Every structure is written in structure tokens, then in C-alpha cells.
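>>> only geometry, no sequence info:
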């Protein structure tokens, strides 16, 4: 065995050990971080359900901030062309409350991750809804307002900042909203160091295969 072949095999072994130690032999955090992202499992209070607390979908919470307002949710057979199973129908009768800088809404928290990609399908029946990833510092990552289009919208987001939840709120003063959600996904983006190790592994494997082919 010549020196080049030995070096290639050694690099391959080092990269393999590092990847195993980091747990990235399969893509890190490749699965959906959200629990019940398909909204197919009924929550502990059943469906439909009204008021602040568990929503009709397990692992998701609904809340009211505006005094005297209400919110309700129910699981229905999905009409989302990209979804399946169940979807959630959320209705609130009031919006933005200036004193709290917050509206009535629906959310799920998760442990803070440094960056993420996300997607969701939304059908706004009436009113206006702001939704998506929430920054760990508090506000939405994007304040895009979704309004009635008569069709499902598939939304994707990439946020290169710490995030800790997915939220949907009605932020129009004094106005209610009804909206449908399905197919919610959040995936962690590997940090730069992880990408570097993955590139090292790929390069060492390529060198190893080249050295074997030259034997």
C-alpha cells in the first residue's frame, strides 16, 4: 500500500469516527421538530374545543388575549391538496389588543434551535392571519399577513436566527378570523461546523474510493 492510499484510508476512518460521535451519519435533526405537525391527533379536550388552553389538535395550544374575545378549533377531514388525514379549523371573534401587542391565536413551542426551515399550508376563510416561525427573542420571524385567496397557500420560510416555536395570530384590531391549517413542518438547519464535518466526510470517502480504484 502506498502513502497516498494509507492517507486516504486514515482520513476516511477519522471522518467516520467523528460523524458517529456527532450523530450525523443520518442528517442531523432531519425529522419534523413539531409534534403532531399533520394535525391528525385529537387533543385532550376533544374536538371541537373553545377558549384558551389545549386546542382540538394534540400538542397545540390556543389562546385569547383580547378581553371578552373567544377562540375555537375543530379537526375536520383535510381539503389540503398537499396534506391528508385531518386539518384544523380555527375561529376567533376579535383581533389585536394594543396593550398586550398580541392577538388571539394558536401555537406550539419547542426547544430553541439556532436556525430553521419551515413550511405550512394555510387557507384563510375570513379576516387576516399572521403566522410562521417565532424568534426566540419574541416576535415573528416574518410579519406577512395571510388573507382570503379562495385557495390553500403553501408557505415556506428559512430563518437564520434562533427560533423556538410556530405561531398563528389574528392581529387586526377588532376583527375576527377563520383559517385552516395542515401539513406543518419545522426542520433544524445544521450549524456551519456540522456542514464542515459532513464535507470532510464526503471528501475522505471520495479519496478512499479513488485509492481503492488505483490499486
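Sure, I can see it. Predicted model, so just to flag it, every value in this text is computed and none were measured.

>>> check what pLDDT the residue nearest the centre of the chain gets.
Compute the mean C-alpha point of the chain, and by C-alpha atoms, centre = their mean the closest residue is residue 186, 2.2 Å away. pLDDT recorded at residue 186 is 98.

>>> helices or strands up against whichever strand or helix holds it?
Using DSSP states H and E, residue 186 sits in strand 177-188. The contact analysis (3 or more C-beta pairs under 8 Å, 6 or more residues apart in numbering; DSSP states H and E) places strand 177-188 against strand 86-92, strand 104-113, strand 116-126, strand 129-135, strand 163-170. C-betas here are computed from N, CA, C, even on glycine.

>>> okay if I get those strands as TSV plus distance to residue 56 and mean pLDDT?
Below are the helices and strands packed on strand 177-188 laid out as TSV (distance: least, C-beta to C-beta, whole Å; pLDDT from 0 to 100):
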stretch	distance to residue 56	mean pLDDT
strand 86-92	6	98
strand 104-113	10	97
strand 116-126	16	98
strand 129-135	17	97
strand 163-170	14	97
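
>>> how about these in a markdown table, adding mean neighbour count?
Below are the helices and strands packed on strand 177-188 laid out as a markdown table (neighbours: other C-beta atoms under 10 Å):
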| stretch | mean neighbour count |
| --- | --- |
| strand 86-92 | 23 |
| strand 104-113 | 18 |
| strand 116-126 | 19 |
| strand 129-135 | 23 |
| strand 163-170 | 23 |
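
>>> following the helix or strand of the chain with the lowest mean pLDDT, which helix or strand comes up?
Within the chain, no helix or strand scores below helix 3-22, which has a mean of 44 by mean pLDDT, DSSP states H and E. Going down the chain from helix 3-22, the next helix or strand is strand 49-50, by DSSP H and E.

>>> from the chain's centre, how far out does that following strand sit?
Distance of strand 49-50 from its chain centroid, counting by C-alpha atoms, centre = their mean, to the nearest Å, is 24 Å.

>>> can you list contacts of that strand?
43, 55-56, 62, 70-74 (C-beta atoms under 8 Å, 6 or more residues apart in numbering).
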